[in-house]
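S.K.: Okay, predicted coordinates and the sequence, questions at the end:
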Amino acid sequence: MQFTLAATDSKSSARAGELKTAHGSIQTPIFMPVGTAGTVKAVHQRELKNDINADIILGNTYHLYLRPGVDTLQKVGGLHKFNGWDRPILTDSGGYQVFSLSDRRKITEKGAVFQSHIDGSKHLFSPETVMDIQRKIGADIIMAFDECTPWPCDFTYARKSMEMTHRWLDRCIAQLEISPELYGYEQNLFPIVQGSTNDDLRKESAEYIASRNLAGNAIGGLSVGEPAEDMYRIADLVCRILPKDKPRYLMGVGTPENILEGIALGIDMFDCVMPTRNARNGMLFTSEGIINIRNEKWKNDFSPVDPMAHTYVDGDYSKAYLRHLFIGSEYLAGMIASVHNLGFYLWLVREARKHIIQDDFSTWKEAMVKKVKQRL
RNA sequence: GGGGAGAUAGCCAAGUGGCCAACGGCAACAGACUGUAAAUCUGUCCUCUUCGGAGUUCGAAGGUUCGAAUCCUUCUCUCCCCA
């Protein structure tokens, strides 16, 4: 994997780069649509590729391990072969499920014992098992197994958890050394900075993560309910410590505003369920602001969802029609909204990249943030 | 013409003397959602409200009762069966 910086903004820490993987290159900053169970929900692969033009999508170790299971994925030759997506894939390790399934798991130094949300069966996720599973899934970028701490989190717990995440990282690295790639192409491990919203812990964690000298670095444990100012402060602090010549991935972020602010702080990669989940729930992100398309005020508004027309859906369907689909609980509603939102997110990061290269990112960003956060 | 059943909020529907401004469901209207246990969840949903309450409701009118959606009388309407 190779990361090269193409341009940096003179008034912020924003940078434009290119990340080369075995399945193609990624122009950064990038937003990565989340495809937990091997599918970006409600979106066809061909739309993801031809219309949204996503460079890379995510998968999730925990979900794919439970269904369809690693045996199936190994038989077919990995997730790329299974879901027909031939561009880069990143898999999350299940660390987020340690957080979100907190009442269905137990953490020890060895790992986390999960109770399946599907059938209640118990499974051990350790750094070793998670690396083995990610080998079988075959993503281009694989994530270290970490504990994503909740917010708020007391100092003592945050410190112990962070230290364990560091030890788990070293076990991940060791496991990968004894279990090589299965499908003949390179997989790259990203370690994850933790430490909750505590500056000292985050500094310590970022230094530790940087010292492992891996292909890229991630910031986890944010966007879990803390105020946005805390998220920005921690991201800024961590970015100043993480090496400039490696991609920085802010996990689970975020709103269009969060992404623009993150880019300004030096983040290169983002992922979030928001554009797809909220799309299925009727929330549309546009270049003019946020729309709840179910609201009565759109009933007879036949204008396009977004005048910027990021994908074909903005040209083909009006607000009134999309509202009609949502009110009627039609399948097409979530599909159109998901294509729109992802199209907008990808448009947003590409515009950001363009302005970084033009070196007018900061002024563009200030104006854009004001627009994208307002409610229409 | 004879016999039977029924009328409850926008719709469907429970309730058959006080725990009823009235269970549920649908529709409607808002809100939430950040490394997806989510095409999910929450709230409002007779009127007014300073959110403490106040006022008017269960086809219509009258009556019994301390108290009626619930019991009685008459009326109006709907549906089913037999001629």
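M.R.: Structure's in. What do you need?

S.K.: contact partners of stretch A:62-71?
M.R.: Counting contacts by CB atoms under 8 Å, 6 or more residues apart in numbering, the residues outside stretch A:62-71 that touch it are A:36-38, A:73, A:79, A:82, A:91, A:94, A:97, A:114, A:116-118, A:123, A:125, A:133, A:136-137. Backbone N, C-alpha and C define where each C-beta goes, glycine included.

S.K.: do the worst-scoring helix or strand of chain A on mean pLDDT and RNA strand B meet at all?
M.R.: Across the helices and strands of chain A, mean confidence by mean pLDDT, DSSP states H and E is lowest for helix A:95-100: a mean of 88. Yes - shown here: helix A:95-100 in contact with RNA strand B (CB under 7 Å from any atom of the strand) through A:Gly95, A:Tyr96, A:Gln97, A:Phe99, A:Ser100.

S.K.: Buried among those residues? Make that a PyMOL selection.
M.R.: Paste this into PyMOL to select the buried members of the residues of helix A:95-100 next to RNA strand B, with burial taken from 16 or more other CB atoms under 10 Å:
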select buried, chain A and resi 95+96+97+99
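
S.K.: Could you dump the residues of helix A:95-100 next to RNA strand B into TSV and include distance to A:Phe270?
M.R.: What follows is the residues of helix A:95-100 next to RNA strand B, written out as TSV (distance: CB to CB, whole Å):
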residue	distance to A:Phe270
A:Gly95	17
A:Tyr96	14
A:Gln97	20
A:Phe99	18
A:Ser100	18
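
S.K.: after the longest helix along chain A comes which helix or strand?
M.R.: Across chain A, the helix with the greatest residue count (assigned by DSSP state H) is helix A:331-358. Past helix A:331-358, further along toward the C-terminus, the next helix or strand under DSSP states H and E is helix A:361-373.

S.K.: and A:Ile63, what element?
M.R.: That one is not Ile; residue A:63 is His. Using DSSP H and E, A:His63 falls within helix A:61-66.

S.K.: Next SSE downstream of that helix?
M.R.: Towards the C-terminus, the helix or strand next in line after helix A:61-66, according to DSSP H and E, is helix A:70-76.

S.K.: any idea of the mean pLDDT in that next one?
M.R.: Across helix A:70-76, the average pLDDT comes to 97.

S.K.: one step back: looking at the residues of helix A:95-100 next to RNA strand B, which is nearest A:Met162?
M.R.: A:Gly95 (12.5 Å; CB to CB).

S.K.: Contact partners for that closest one?
M.R.: With contacts defined as CB under 8 Å, 6+ apart, A:Gly95 is in contact with A:Met143, A:Ala144, A:Phe145, A:Asp146, A:Glu147, A:Cys148, A:Ile192, A:Gly220.

S.K.: Near RNA strand B, which residues of the stretch 1-150 of chain A are found?
M.R.: Contact residues, the stretch 1-150 of chain A versus RNA strand B (CB under 7 Å from any atom of the strand): A:34, A:36, A:40-42, A:58, A:60, A:63, A:92-93, A:95-97, A:99-101, A:103-104, A:117, A:143-144, A:146, A:148.

S.K.: of those, buried ones?
M.R.: Here the buried ones among those, as counted with 16+ other CB under 10 Å, turn out to be A:34, A:36, A:40-42, A:58, A:60, A:63, A:92-93, A:95-97, A:99, A:101, A:143-144, A:146, A:148.

S.K.: where exactly do the strands run in the stretch 1-150 of chain A?
M.R.: All strands of the stretch 1-150 of chain A, identified by DSSP state E, counting those that start in this stretch, fall at A:2-8, A:15-21, A:24-28, A:30-33, A:57-60, A:89-92, A:105-107, A:112-115, A:122-125, A:141-143.

S.K.: center of chain A, which residue is that?
M.R.: Chain A has A:Asp271 as the residue nearest its centroid, 1.8 Å off, counting by CA atoms, centre = their mean.

S.K.: Ignoring the adjacent residues along the chain, who's closest to that residue?
M.R.: Once flanking residues are discounted, A:Asp271 sits nearest to A:Met32: 4.3 Å by CB to CB, 6 or more residues apart in numbering.

S.K.: how many other residues sit next to the one you found?
M.R.: Number of residues near A:Met32 (other CB atoms under 10 Å) recorded here: 24.
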